[in-house]
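Participant: model this:
(one chain, ligands or ions: 2)
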Amino acid sequence: MIRKKVLVTGGAGFVGSHLIDRLLKEGNEVICVDNYFTGQKQNIIHLMENPFFEYIRHDITMPFFIEVDEIFNLACPASPIHYQLNPIKTVKTSVSGAINMLGLAKRINAKILQASTSEVYGDPKVHPQREDYWGHVNPIGTRSCYDEGKRVAETLFFNYHWQNQVRIKVIRIFNTYGPRMHPHDGRVVSNFIMQALQGKDITIYGDGSQTRSFQYVDDLVEGMIRMMNSREDFIGPVNIGNPNEFTIGELAEKVIELTGTKSKIIYEALPSDDPLQRQPDISLAKKELNWQPNIQLEEGLKKTIDYFKRYVN
Ligand code: NAD
Ligand code: UDP
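Facilitator: Ligands and ions are numbered 1, 2, ... in the order given. Alright, predicted model coming up:
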């Protein structure tokens with residue numbers, strides 16, 4: 001067995017911590033870099049005694065030097081309330097962070113994967129979204145710090161590849177949920193479950209007819225690993241998401257049913273630039289990575305609800 005040295009930026013976050021579990025299980029050595037802006041030590045505390053795991057508090061907008069074989073670049077707040085808290089910092093994390101990590105990959109000849117997002121499609125006019133769709137993004141909207149930051153990061157990844165032959169992999173992640181999401185991170189699945197478990201009103205923004213396609217975190221991690229290990233000349237971008245599309249109203253009903261809560265639904269204002277619909281076309285991931293999601297909404301929600309119970313009991 002070859003033990004690879006793998007750097008995961010944003011490793012104390014929701015997705016990063018699951019990815020690290022998987023990388024360690026496969027016998028690799030993992031270094032987690034995180035500034036703990038939205039991540040939690042709690043997500044990686046179970047790894048502290050593992051001699052093949054190291055964590056470093058560091059902000060990726062600052063240069064970072066290390067010797068590794070692979071880099072997964074996940075550092076960036078993902079929830080709208082968090083990335084809008086300090087939009088300039090969000091752009092810096094995506095852009096300066098990408099430059100720092102790509103510079104590192106170039107210097108040490110590491111393979112590097114970028115956690116891009118379905119938000120690069122903005123409020124899409126093409127449905128479902130294929131990778132060759134260029135998107136519909138408001139460059140000065142409230143979401144632009146995240147959307148445009150991630151778009152520039154993709155540009156940087158491809159230019160480092162073309163100009164400097166850096167070995168890149170770019171995935172576009174669609175809405176993902178599961179255990180270890182921050183209970184107050186404001187994303188819809190964690191919000192609805194926390195509200196339901198506490199018997200509070202369930203807050204639908206707008207009329208609930210907007211759609212999203214929700215992927216369980218284990219499916220995403222499988223896609224990330226397959227992408228990192230895919231043939232050298234397959235660099236993406238590739239959509240990784242679950243094509244099962246639901247309205248936010250349907251999601252609220254499902255959470256009510258599965259938790260058995262007496263919570264009522266209330267309607268609040270829709271945030272600006274909130275995309276109306278979102279569904280990945282995953283034919284490319286199926287063809288190139290032989291990947292498709294296996295965990296459907298009800299099963300994934302049950303596991304997530306079980307996890308969130310620790311915050312209310
Ligand atoms: P998260 O907020 O739980 O994790 C992000 C992690 O990055 C946190 O631990 C945070 O502390 C860290 N971080 C933020 N800024 C940093 C900086 N400047 N330096 C070092 N660390 C920093 O979010 P997540 O859901 O785990 O998302 C992980 C990645 O996947 C993000 O890049 C996100 O854009 C992308 N993504 C996630 C989703 C999703 O639905 N979860 C969808 C699309 C894309
Ligand atoms: N949303 C909602 N109630 C909430 C949180 C979010 O109705 O308490 C809506 C939000 O307006 C959006 C969808 O759910 O239409 C998904 O929001 P999230 O922040 O999870 O992800 P994103 O908008 O980035 O896809």
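
Participant: Could I get the contacting residues of His136?
Facilitator: 121-125 (C-beta atoms under 8 Å, 6 or more residues apart in numbering). Every C-beta, even on glycine, is put in place using the N, C-alpha and C of the backbone.

Participant: now with 7 Å?
Facilitator: Going by C-beta atoms under 7 Å, 6 or more residues apart in numbering, His136 touches 122-125.

Participant: Provide the partner residues of it in its beta bridges.
Facilitator: Assessed by DSSP bridges, His136 has beta-bridge partners Gly122.

Participant: which residue sits closest to Lys92, ignoring its sequence neighbours?
Facilitator: Leaving aside its sequence neighbours, Lys92 sits nearest to Thr61 (C-beta to C-beta, 6 or more residues apart in numbering; 4.8 Å).

Participant: circling back: can you redo the contacts of His136 as TSV with neighbour count and distance to ligand 1?
Facilitator: Conversion of the contacts of His136 to TSV gives the following (neighbours: other C-beta atoms under 10 Å; distance: C-beta to the nearest ligand atom, whole Å):
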residue	neighbour count	distance to ligand 1
Gly122	24	13
Asp123	19	16
Pro124	20	14
Lys125	12	20
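
Participant: about what we covered before: tell me the secondary structure at the residue nearest to Lys92.
Facilitator: Assigned with DSSP: H, G, I helix; E, B strand; the rest coil, Thr61 falls in the coil class.

Participant: chain center to stretch 74-81, what's the gap?
Facilitator: Centroid separation for stretch 74-81 versus its chain: 8 Å, with C-alpha atoms, centre = their mean, to the nearest Å.

Participant: So what touches it?
Facilitator: 8-10, 13, 15-16, 34, 37-38, 60, 83, 90, 93-94, 97, 115, 143, 185-187, 271.

Participant: same thing but 8 Å
Facilitator: 8-11, 13-16, 19, 33-35, 37-38, 60, 83, 85, 90, 93-94, 97, 115, 117, 142-143, 146, 149-150, 182, 185-187, 271.

Participant: mind saving the C-alpha coords of it as PDB?
Facilitator: Coordinates of each C-alpha in stretch 74-81 appear next as PDB, following Å, rounded to 0.1, in the frame of the first residue of the first chain:
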ATOM      1  CA  LEU A  74     -12.100  23.200   0.300                       C
ATOM      2  CA  ALA A  75     -11.400  26.200   2.500                       C
ATOM      3  CA  CYS A  76     -14.300  28.700   2.000                       C
ATOM      4  CA  PRO A  77     -17.500  29.400   3.900                       C
ATOM      5  CA  ALA A  78     -20.300  27.700   2.000                       C
ATOM      6  CA  SER A  79     -23.500  29.000   3.700                       C
ATOM      7  CA  PRO A  80     -24.900  32.300   2.300                       C
ATOM      8  CA  ILE A  81     -25.200  33.900   5.800                       C
END
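
Participant: Could you check it against ligand 2 for contacts?
Facilitator: Yes - contact of stretch 74-81 with ligand 2 (C-beta under 6 Å from any ligand atom) involves 79-80.

Participant: Just the buried residues of that stretch, please?
Facilitator: Neighbour counts over stretch 74-81 (16 or more other C-beta atoms under 10 Å) mark 74-80 as buried.

Participant: out of the residues you listed, which touch ligand 1?
Facilitator: Within the buried residues of stretch 74-81, those near ligand 1 by C-beta under 6 Å from any ligand atom are 74-78.

Participant: Of those residues, just say which sits nearest to Ile225.
Facilitator: Closest approach between these and Ile225, by C-beta to C-beta: Leu74, at 13.4 Å.
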